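Engineer: everything below, folded, please.
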Amino acid sequence: MIELQTSCAMPDRPRPILGIGAGGIVRDAHLPAYKIAGFEHVGLYDPDIGKAKTLADQFDVPSVFGSMEEALEGAPDDVVFDVAVPGGVVRKIIPQLPDGAAVLIQKPLGLNLEDARHLCAVCRDKQLIAAVNFQLRYAPPIIALRSLVDRGLLGDLHDIQMQVTLWTPWELWDFLKTEKRVEILYHSIHYLDMIRFFAGDPHGVFARVNRAPGQPDLADVKSSIILDYGDLLRVTVSANHCHEGGLANQESYVRLEGSEGVAKVTLGLCMDYPRGRPDVFEYCLFGDGTPSWETLDIEGTWMPHAFIGTMASVMAKAEDPSRPLPTSVDDALRTMAVVEAAYLSSASGSTPIDYGD
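Structural biologist: Numbering: from 1, shown residues only. A predicted model of the protein is given here:
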């Protein structure tokens, strides 16, 4: 049994956090993660002040602000702004932050690539220490998987597969009913970012998004994506959020295959969401003998534990500019470019087949 890294680097001196947005993801992930990490959460602002007060009471957050102006006035000088609002609202919030501030932005970085480029320009002009909350990179089993790759134990990667077959309760997020893009922009974007984390930037993308007959209020809720990394690396993302066959045959896993081994991580969060199922980390190193599979117990999961890593990286960058900021807005812009290309690929249509009729 091998030992792998499963935790992220932490700041020397954690900074206070002020949250902008008090939705379900804040309740289920942001605030529980910060409590686990021992980060101080000093205040919340949400246009729905009742929602903010409920969360503040639940998590012992001392201040609730009645407006964005009050939140900015009440923010400590060394605060990290935790912006967790829908993609279409991000563009309104970021320009209001103080110059030089540290900020973590919930994904996506706007609604499209144009938004993302504009937000990056705003962050540069205001000299913000800004990152996007692509927290799947920081999920303990994904950190372990990256450790396996970095140590060369899988050899040269030649296949990456992300497979999702489950039922997602989209009704938990009312704002999605008015969104023109759903599945890739708000869900599989995590997988595209994770794949970039392992394999770098793809050359291109082939994609098709689909709606569901039983969900007329939503745009795309399924997607099939092939990322082009050349002849020697096959990369696919297949996401079906409309599986009605119960839990028995639901799937949510990423599998990496290399010349020296294979690893598979089952991400249990999205199965029976929001309760979730256990994660499973399995690997098989070829060596000189008969391949055999091992299972590694890993403490912590995607939600809430991964949310510690993205916030910790912003705090660490703020205290020492030489430290890395893996999900910086500039890096997130490249993930947004892949998302945009996927939607453009879907819209452009498939190659017609010449049947000779």
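
Engineer: can we go C-alpha only for contacts and neighbour counts from here?
Structural biologist: OK.

Engineer: chain center to the one helix or strand Leu18 maps to: distance?
Structural biologist: Per DSSP states H and E: Leu18 is located in strand 17-20. Its chain's average C-alpha position is 19 Å from that of strand 17-20, according to Cα atoms, centre = their mean, to the nearest Å.

Engineer: so what does the next helix-or-strand element following that strand touch, helix or strand wise?
Structural biologist: As assigned by DSSP H and E, the chain's next helix or strand after strand 17-20 is helix 24-25. Taking 3 or more Cα pairs under 8 Å, 6 or more residues apart in numbering; DSSP states H and E as contact, there are no helices or strands that helix 24-25 lies on.

Engineer: tell me the helices and strands packed up against the next helix-or-strand element following helix 24-25.
Structural biologist: As assigned by DSSP H and E, the chain's next helix or strand after helix 24-25 is helix 31-37. Counting contacts by 3+ Cα pairs under 8 Å, 6+ apart, helix 31-37 packs against helix 306-319.

Engineer: in the helix or strand following the helix it packs on, what's buried?
Structural biologist: Following helix 306-319 in sequence order, the next helix or strand is helix 329-348 (DSSP H and E). Neighbour counts using 16 or more other Cα atoms under 10 Å place 329-343, 345-346 of helix 329-348 among the buried residues.

Engineer: and the angle from the strand or helix carrying Tyr191 to helix 329-348?
Structural biologist: Secondary structure assignment for Tyr191, by DSSP H and E: helix 189-199. Helix 189-199 and helix 329-348 meet at an angle of 120 degrees, taking axes from the mean of the first three to the mean of the last three Cα atoms, to 10 degrees as the criterion.

Engineer: could you give the mean pLDDT of helix 189-199?
Structural biologist: With pLDDT averaged residue by residue, helix 189-199 scores 98.

Engineer: what are the ranges of the helices in this protein?
Structural biologist: All helices of the chain, identified by DSSP state H, fall at 24-25, 31-37, 49-59, 68-74, 87-93, 113-125, 140-150, 183, 189-199, 306-319, 329-348.

Engineer: so what touches the shortest one?
Structural biologist: Which is helix 183. Residues from elsewhere that reach helix 183 (Cα atoms under 8 Å, 6 or more residues apart in numbering): Ala219, Asp220, Val221, Lys222, Ser223.

Engineer: and if you look at the longest one?
Structural biologist: Where contact means Cα under 8 Å, 6+ apart, the residues beyond helix 329-348 that reach it are 108-109, 112-113, 116-117, 120, 123, 130-132, 134, 184-185, 189, 192-193, 196, 201, 204-209, 225.

Engineer: could you pull up the mean pLDDT of that helix?
Structural biologist: Averaged across helix 329-348, pLDDT comes to 98.

Engineer: report the inter-axis angle for that helix versus helix 113-125.
Structural biologist: Orientation of helix 329-348 against helix 113-125 (the same axes, to 10 degrees) gives an angle of 170 degrees.

Engineer: how close does the closest residue to Gln127 other than its chain neighbours sit to Glu40?
Structural biologist: Spatial nearest neighbour of Gln127, excluding adjacent residues (Cα to Cα, 6 or more residues apart in numbering): Gly100 at 4.9 Å. Separation of Gly100 from Glu40 (Cα to Cα, to the nearest Å): 20 Å.

Engineer: Arg137 is in contact with Thr301, correct?
Structural biologist: No - under the criterion of Cα atoms under 8 Å, Thr301 is not in contact with Arg137, lying 11.3 Å apart.

Engineer: ok, the spatially most central residue of the chain - contacts?
Structural biologist: For the chain, Phe134 is the residue whose C-alpha lies nearest the centre (Cα atoms, centre = their mean; 3.4 Å). By Cα under 8 Å, 6+ apart, the contact set of Phe134 is Gln106, Lys107, His190, Asp193, Thr310, Thr327, Ala332.

Engineer: now distance to Gly230 too, for those residues, in CSV please.
Structural biologist: Below are the contacts of Phe134 laid out as CSV (distance: Cα to Cα, whole Å):
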residue, distance to Gly230
Gln106, 32
Lys107, 28
His190, 22
Asp193, 18
Thr310, 31
Thr327, 25
Ala332, 23
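
Engineer: which of those residues count as buried?
Structural biologist: Going by neighbour count (16+ other Cα under 10 Å), these have Gln106, Lys107, His190, Asp193, Thr310, Thr327, Ala332 buried.

Engineer: so which of these comes closest to Ile94?
Structural biologist: Gln106 (11.7 Å; Cα to Cα).

Engineer: circling back to that earlier point, just the ones of the contacts of helix 183 in strands?
Structural biologist: Those of the contacts of helix 183 mapping onto strands are Lys222, Ser223, per DSSP state E.
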